[in-house]
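Peer 1: The sequence and its predicted three-dimensional model are supplied below.
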Amino acid sequence: MDFKCDKNNVFTSAELRLMRDALYVLGGKWKLDVIRSIAAGNTRFTEIRKSLPKINTRMLSIVLKELEANHIIERKTFDEFPPVTIYTFTAHSKRLEPILYSLIEWAEMHREKIFNHS
């Protein structure tokens, strides 16, 4: 994408709203960490919690509910004793993978400028 600073080539209001929505879905202190944990194979609440020792149980519950509400993950409960609940990625969320890798690539290229304010 070629950014141009002129009145005729700017993001529309609808495009800005879409970008804000996407950043909201992925933003916050813990969402990317939880996504990473699930991607690493931690599918149960306790596994995710153990993989992120600094997150408290309440916050993890909130983050999982938000990711589920935004169709990034789905919660599956199996009728067993004791009940088993797992979290997995939705088909919808798998389209995020190349976008996240592009974000990593951009951050690697610009990290010094971002944090040194140069």
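Peer 2: Good, I have the coordinates. The shown structure was predicted, so the numbers you read here are calculated from the model rather than taken from an experiment. Residues are numbered from 1 along each chain as shown.
Peer 1: what distance separates the longest helix along the chain from the centre of its chain?
Peer 2: Using DSSP state H to assign secondary structure, the helix with the most residues in the chain is helix 97-116. Computed by C-alpha atoms, centre = their mean, to the nearest Å, the separation of helix 97-116 from the middle of its chain amounts to 15 Å.
Peer 1: send the alpha carbons of it over as CSV?
Peer 2: What follows is helix 97-116 as a C-alpha-only set of coordinates in CSV (Å, rounded to 0.1, in the frame of the first residue of the first chain):
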residue,chain,number,x,y,z
GLU,A,97,-2.3,-15.8,10.7
PRO,A,98,-0.8,-14.1,7.6
ILE,A,99,-1.9,-10.7,8.9
LEU,A,100,-0.2,-11.3,12.3
TYR,A,101,3.0,-12.4,10.5
SER,A,102,2.9,-9.2,8.4
LEU,A,103,2.6,-7.2,11.6
ILE,A,104,5.6,-9.0,13.1
GLU,A,105,7.6,-8.2,9.9
TRP,A,106,6.6,-4.6,10.0
ALA,A,107,7.5,-4.3,13.7
GLU,A,108,10.9,-6.0,13.2
MET,A,109,11.7,-3.4,10.4
HIS,A,110,10.6,-0.4,12.4
ARG,A,111,11.1,-1.4,16.1
GLU,A,112,14.1,0.8,16.6
LYS,A,113,12.4,3.9,15.2
ILE,A,114,9.2,3.1,17.2
PHE,A,115,11.0,2.9,20.5
ASN,A,116,13.8,5.4,20.0
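Peer 1: Could you look up the SS state of residue 88?
Peer 2: Using DSSP: H, G, I helix; E, B strand; the rest coil, the secondary structure recorded for residue 88 is strand.
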